[in-house]
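# Below are the sequence and a predicted model; questions follow.
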Amino acid sequence: MTLDYMTKGKVKISMYKYLNKLLAELPSDMKRSVETPAAPHLYNMDKDAAKLPEEMVQLFNHLVA
């Protein structure tokens, strides 16, 4: 991670060096594309699961959004 403090009162954060190294070290057989990085089981819904109270819904949305 690179932190750039060259502009007074501002900081620029970048990860270009890290990402370039990561891409260079990837196995050559990782060339396919996918619609989502999430595993398929994460999209299965339990229709019998108890719903969160509205207050908890709002807190969850606030924390993950």
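Looks like it came in fine.

# what about the host helix or strand of H62, average pLDDT?
Assignment of secondary structure by DSSP states H and E places H62 within helix 54-64. Here helix 54-64 scores 94 as its mean pLDDT.

# and Y16, what is it in contact with?
With contacts taken as C-beta atoms under 8 Å, 6 or more residues apart in numbering, Y16 has the following neighbours: T2. Where C-beta positions appear, they are placed from N, C-alpha and C, glycine not excepted.

# Please report how far it lies from D29.
To D29, Y16 is 25 Å away according to C-beta to C-beta, to the nearest Å.

# that older thread, please name every helix or strand in contact with the helix holding H62.
On a contact count with 3 or more C-beta pairs under 8 Å, 6 or more residues apart in numbering; DSSP states H and E, helix 54-64 meets no helix or strand.

# Put the alpha carbons of that helix into PDB.
Coordinates of each C-alpha in helix 54-64 appear next as PDB, following Å, rounded to 0.1, in the frame of the first residue of the first chain:
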ATOM      1  CA  GLU A  54     -36.300  -3.800  11.600                       C
ATOM      2  CA  GLU A  55     -33.700  -2.200  14.000                       C
ATOM      3  CA  MET A  56     -31.200  -5.000  13.200                       C
ATOM      4  CA  VAL A  57     -32.000  -4.700   9.500                       C
ATOM      5  CA  GLN A  58     -31.100  -1.000   9.600                       C
ATOM      6  CA  LEU A  59     -27.900  -1.700  11.500                       C
ATOM      7  CA  PHE A  60     -26.800  -4.500   9.200                       C
ATOM      8  CA  ASN A  61     -27.400  -2.300   6.100                       C
ATOM      9  CA  HIS A  62     -25.500   0.600   7.700                       C
ATOM     10  CA  LEU A  63     -22.500  -1.600   8.500                       C
ATOM     11  CA  VAL A  64     -22.200  -3.400   5.200                       C
END
